[in-house]
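A.B. asks: Return a 3D structure for these sequence lines:
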Amino acid sequence: MSALPQESPGRILVVDDEINAREALVELLADEGYAVESAENGQRALERMVDFEPQVVLTDLKMPVLDGLGLLHRARKSYRHVAFVVMTAFGSIDTAVEAIKAGAENYLTKPVDLDALSALVARALEKARLSEEAQRLRERLDERVSRGGIIGEHPSMQRLLKLVQQVARSRATVLIHGETGTGKELIANAIHHNSPRREGPMVALNCAALAESLLESELFGHEKGAFTGATARRQGRFEQADGGTLFLDEISEVPLSLQVKLLRFLQQRSFERVGGNETLQVDVRIVAATNRDLAELVREKRFREDLYYRLNVVQLDMPPLRARRSDIPLLAHHFMQAHARENGFDIKRFSDDAMRLLMSYPWPGNVRELDNAIERAVVLATGDTIGVEQLPSFASVAKVDELNVLVPGVTLAELERVAIEQALDACDGSTQRAAEMLGISQRKIQYRLKQWAERAEGESDPLTSSETDEFE
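C.D. replies: Alright, predicted model coming up:
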C-alpha cells in the first residue's frame, strides 16, 4: 500500500480520458485533503490500482481502450471493497442503471456538480471503510475460531497449532497432556471447530468433578428407576455429543471400573445406559486431557494399558507458560483489555517494571494464574497503567532456583551469563527483547555472546572490569 500522509481522509483514483476534466477533479479532491491519483482509461486504472489501492474510484463511462463499465467488471473480481462512482456526459438512465447493476456505488452526470461530488465521495469512502472493516472482523473471527481463542506466537505454540489443524481433519482420538492452567480445553475446542464435526455439538465433562456413581450416569445416561432419585430417563454425555465431539478432562481420574465401559465404547462405539439393556450406538469423537503421566499410572496399575493406547492415538503436549515466556506480553495485554472492558475501566498499558516482573515469574499455575493476576491488577489500578504495586505479592518473590545455580557459590559473571542465556531463550533469541527484559543495552548482550563464543574457542581472555563497564 502506498505511503500516505497520516491526515489523508482517503485514497481516490480519478479515471477520465479528458485531461482537463481529470486534472480539475484531481486538484479539487486534493484540496479537500484526499490522496488522489489519476488514469486516462480503464486499462491504466487497473495498473494504478495495484500499487495505489484506492478506496474510491471515480470513473468516466465513455473512454477508449477500456471504458468505465469494463473497468468496473474487471476490477470487481480483485477489489471487492473499492467503491465505484461513475460519471457520464450523456445522462443516460440506461447506462447509469447498468453501472449500478455492475456494482457502482452511484453515478454523476457531467458537468459534475461539485457539491454533489463531495457528498458522493464522502459516502463512498464510508462504505469502502465499512466493507474493509467488516472483512477484517470476519478474518479475525475466522482466525479466532480456527485457533479456538488461543493466543501464542512462540514456536512451541505455532507447532502445536499446526498439529491441531492437521489432527482436526481426522477421526482419531486425541490425548492432550499438559499442566493445570495451560489451556487444554481451548485446544480441544480448536480441534472440534476445525473438524468436519464443527456443526455438531461440543460436549465437555470434567471426570475429576464427580463421584464414580454420578460419573457413570453422566457419561452413559440412565433409565428411569435405575437408582434412587432416577425419576426419568436421562441422556448421558455420549448421546448429547452424537455427531460431534466429547471432551473428557482429567481422564486419569476415571475409576478402573468405568474404564472398562469407556474402553468398550472406544472399541465398538456402543454402550448401555445405567439400569438399561438397550445397546446404543453414537458417532462421537473423543478428545481427552490430563495433567498426569498416564504411562506412569499404567505402570502403577492405576490406569488400564489397553485404554491408554486407545486414548493415545495422537498426543498433543501443551507447553507450560514458563517455557514460552515471549507469549506473556501478548497474553497479559489480552487479559488486561478484556478485564478492563468488562469492568468499564480505561487501562492501556503495563509499566516497564510490571512487565519485567510478569516475564520473570515462573507462573506455576500457567495461563490461568496469569489471567487471575491480571484481573486483580485491573481491579486495583488507579490510573491507565498497571504497575508493580497492583500485581500479586507472590510474583515479586525472587526464584533463585529457577536459574539452576547455587547462590552463594557462583561468580557474578556466571550469574550474568545464566540470566542472559535464559532471557534469550525466553525471547526466542531476540537480543533487543532480552535487553529490555534485563534492563541492559542490546550492545552488551551482543558483545557478551561474541565473547563467550571466542572464549569457547580459546581465542580470548576474560574481560577486565574496565572492559565490562564499557558496555553498561
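
A.B. asks: Please make it C-alpha for all contacts and neighbour counts, starting now.
C.D. replies: Noted.

A.B. asks: so what are the domain limits for this structure?
C.D. replies: 11-139, 155-317, 322-397, 401-469 (automatic domain parsing).

A.B. asks: The third one: how far from the chain's middle?
C.D. replies: In this case it means domain 322-397. The chain centroid and the centroid of domain 322-397 are separated by 18 Å, computed with C-alpha atoms, centre = their mean, to the nearest Å.

A.B. asks: quick one: average confidence on that domain?
C.D. replies: For domain 322-397, mean pLDDT rounds to 88.

A.B. asks: Then the last one?
C.D. replies: Average pLDDT, domain 401-469: 69.

A.B. asks: And for the longest one?
C.D. replies: Mean pLDDT, taken over the full extent of domain 155-317, equals 91.

A.B. asks: Next, format the domains of the chain as TSV and append mean neighbour count.
C.D. replies: Listed next are those as TSV, based on neighbours: other C-alpha atoms under 10 Å:
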stretch	mean neighbour count
domain 11-139	18
domain 155-317	18
domain 322-397	18
domain 401-469	14
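
A.B. asks: thought residue 225 was touching residue 274?
C.D. replies: No - Residue 225 lies out of contact with residue 274 (C-alpha atoms under 8 Å); the separation is 9.7 Å.

A.B. asks: The protein: strands as residue ranges?
C.D. replies: 11-15, 35-39, 56-60, 83-88, 106-109, 174-177, 202-206, 245-249, 270-272, 279-281, 285-290, 314-317, 349-350, 385-386 (DSSP state E).

A.B. asks: Would you mind extracting the C-alpha trace of the second one into CSV?
C.D. replies: Included here for strand 35-39 are C-alpha records, laid out as CSV according to Å, rounded to 0.1, in the frame of the first residue of the first chain:
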residue,chain,number,x,y,z
ALA,A,35,-4.7,11.3,-1.6
VAL,A,36,-5.5,11.3,-5.3
GLU,A,37,-4.1,9.6,-8.4
SER,A,38,-5.4,9.6,-12.0
ALA,A,39,-5.5,7.4,-15.1
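
A.B. asks: From residue 215, how far off is residue 282?
C.D. replies: 19 Å (C-alpha to C-alpha, to the nearest Å).

A.B. asks: how about low-confidence regions in the stretch 1-150 of the chain?
C.D. replies: Within the stretch 1-150 of the chain, the segments meeting pLDDT under 70 span 1-8, 90-93, 96, 134-149.

A.B. asks: which residues of it fall in helices?
C.D. replies: Using DSSP state H, counting those that start in this stretch, the helices found in the stretch 1-150 of the chain span residues 19-31, 42-52, 68-76, 93-101, 114-147.

A.B. asks: what's the spacing between the fourth one and its chain's center?
C.D. replies: Okay, so that is helix 93-101. Using C-alpha atoms, centre = their mean, the offset of helix 93-101 from its chain centre is 43 Å.

A.B. asks: In contact with the residue nearest to residue 279 when sequence neighbours are not counted, which residues are there?
C.D. replies: Once flanking residues are discounted, residue 279 sits nearest to residue 272: 5.0 Å by C-alpha to C-alpha, 6 or more residues apart in numbering. Contacts for residue 272 (C-alpha atoms under 8 Å, 6 or more residues apart in numbering) come out as 220, 278-280.

A.B. asks: What's the separation between residue 272 and residue 206?
C.D. replies: 21 Å.

A.B. asks: OK, contacts around the residue lying closest to residue 263 once chain neighbours are set aside?
C.D. replies: Distances taken as C-alpha to C-alpha, 6+ apart put residue 307 closest to residue 263, at 5.5 Å, once the chain neighbours are dropped. For residue 307, the contacting residues are 259-260, 262-263, by C-alpha under 8 Å, 6+ apart.

A.B. asks: Mind checking which of those land in helices?
C.D. replies: Of the contacts of residue 307, the ones assigned to helices by DSSP state H are 259-260, 262-263.

A.B. asks: Quick one: residues contacting the residue nearest to residue 107 when sequence neighbours are not counted.
C.D. replies: Spatial nearest neighbour of residue 107, excluding adjacent residues (C-alpha to C-alpha, 6+ apart): residue 86 at 4.6 Å. When contacts are counted by C-alpha under 8 Å, 6+ apart, residue 86 touches 58-61, 68, 96, 99, 104, 106-108.
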